[in-house]
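Undergrad: coords below, sequence missing:
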């Protein structure tokens with residue numbers, strides 16, 4: 001009798017052969033998107049929104065802050081610098097997923113588009129300076145157009161894992177667009193509505209990077225609904241309640257004391273009234289999430305990952321409610337407000353994971369329940 005084959009101790013690859021570098025950069029991209037919400041919050045909460053009064057330069061004569069600008073210039077410039085890091089990570093994810101799905105032949109056009117976009121942005125910047133027109137927005141617009149064109153071509157020519165390719169490009173487009181929105185925010189003197197929109201886009205990018213992580217760690221198979229209709233509708237209602245909560249939270253902040261600069265205007269709304277309106281949908285969200293947890297737990301043998309993520313979502317909401325009540329009753333302390341902003345993005349990411357686990361793969365010959373349970377034991381989809 002022949003000896004049994006040795007058991008391999010090598011770490012298992014992600015489904016569909018996703019490489020370790022891709023997984024690492026995808027996680028780094030998610031972390032960076034969350035982190036920049038924290039640094040952006042620090043800019044606003046410390047009154048550093050106009051620490052660099054011009055854009056894309058920090059001052060009319062300097063790219064970096066000068067000693068005379070003090071800590072506010074350092075904080076604002078640090079946030080701008082992190083934007084570059086976020087962009088590099090997003091680009092790395094795009095290049096790695098394009099290489100994984102299409103090989104070097106698909107990667108070459110992407111690199112050409114990148115080189116062309118950078119060259120075009122540089123030319124637009126030089127032209128803007130020469131003509132004494134806003135050079136930063138012009139250069140950013142050219143770069144954004146190049147990224148969008150590259151994304152359209154890449155998605156159209158991709159035959160495998162088109163979902164991941166599209167999500168990666170959405171993040172990169174969003175990062176480039178966010179740089180433009182950030183510049184407009186500075187040029188408009190921190191208009192509260194533009195600042196609010198800036199935050200909304202940041203939360204959306206956190207959700208998209210979270211969706212990439214979930215989808216990256218599961219096989220590329222057709223999927224079917226795994227939960228009863230009432231649970232699907234409960235989840236949709238919870239998503240709607242979360243959206244309303246975040247929107248009114250932004251409006252509340254726009255009417256409150258943390259404007260980002262002493263001279264920045266406010267929205268003019270009644271901050272105390274908005275504070276209450278912001279709280280109401282959050283309680284509705286919490287109640288709906290409890291129902292979601294109960295429903296997911298009752299069928300945890302079929303959808304263990306849904307049960308896990310619904311519990312995580314409920315825990316995040318509990319912390320959010322506690323932080324929200326604390327800051328409202330203690331005069332909106334800066335640290336608590338900053339934590340509340342970051343937790344909102346993480347809660348939205350958890351909701352994204354919940355929504356994506358309402359389905360399960362349709363497999364031939366392998367019971368779907370067995371596959372889902374094995375994924376849960378391996379931590380897939382986390």
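TA: Yes, it's here. Bear in mind the structure is a predicted one, so any value in this text is a computation, not a measurement.
Undergrad: where do the helices of the stretch 251-382 of the chain begin and end?
TA: Secondary structure of the stretch 251-382 of the chain, counting by DSSP state H, counting those that start in this stretch: helices at 271-298, 304-329, 334-356, 368-378.
Undergrad: what do you get for the stretch 51-200 of the chain?
TA: For the stretch 51-200 of the chain, the helices defined by DSSP H, counting those that start in this stretch occupy 70-131, 135-156, 162-187, 192-216.
Undergrad: those into a markdown table, with extra columns for mean pLDDT and distance to residue 291?
TA: Bear in mind the C-beta positions are built from the backbone N, C-alpha and C, glycine included. Output for the helices of the stretch 51-200 of the chain, formatted as a markdown table (pLDDT from 0 to 100; distance: least, Cβ to Cβ, whole Å):
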| stretch | mean pLDDT | distance to residue 291 |
| --- | --- | --- |
| helix 70-131 | 87 | 35 |
| helix 135-156 | 88 | 37 |
| helix 162-187 | 91 | 29 |
| helix 192-216 | 94 | 22 |
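Undergrad: and of these, who's closest to residue 59?
TA: Taking Cβ to Cβ as the criterion, helix 70-131 is the member of the helices of the stretch 51-200 of the chain that comes nearest to residue 59, at 8.3 Å.
Undergrad: for that closest one, packing partners?
TA: With contacts taken as 3 or more Cβ pairs under 8 Å, 6 or more residues apart in numbering; DSSP states H and E, helix 70-131 sits against helix 20-45, helix 135-156, helix 162-187.
Undergrad: report the angle between it and helix 135-156.
TA: Our comparison of helix 70-131 with helix 135-156, counting by axes from the mean of the first three to the mean of the last three Cα atoms, to 10 degrees, yields an angle of 80 degrees.
Undergrad: okay, residue 267: pLDDT?
TA: Residue 267 carries a pLDDT value of 57.
Undergrad: on that earlier part again, got the helices and strands packed on helix 70-131 as JSON lines, with distance to residue 242 columns?
TA: Conversion of the helices and strands packed on helix 70-131 to JSON lines gives the following (distance: least, Cβ to Cβ, whole Å):
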{"stretch": "helix 20-45", "distance to residue 242": "16"}
{"stretch": "helix 135-156", "distance to residue 242": "28"}
{"stretch": "helix 162-187", "distance to residue 242": "19"}
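Undergrad: just send the ones you listed back as JSON lines, with distance to residue 88 and mean neighbour count too.
TA: JSON lines is the format used below for the helices and strands packed on helix 70-131 (distance: least, Cβ to Cβ, whole Å; neighbours: other Cβ atoms under 10 Å):
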{"stretch": "helix 20-45", "distance to residue 88": "9", "mean neighbour count": "20"}
{"stretch": "helix 135-156", "distance to residue 88": "13", "mean neighbour count": "19"}
{"stretch": "helix 162-187", "distance to residue 88": "9", "mean neighbour count": "21"}
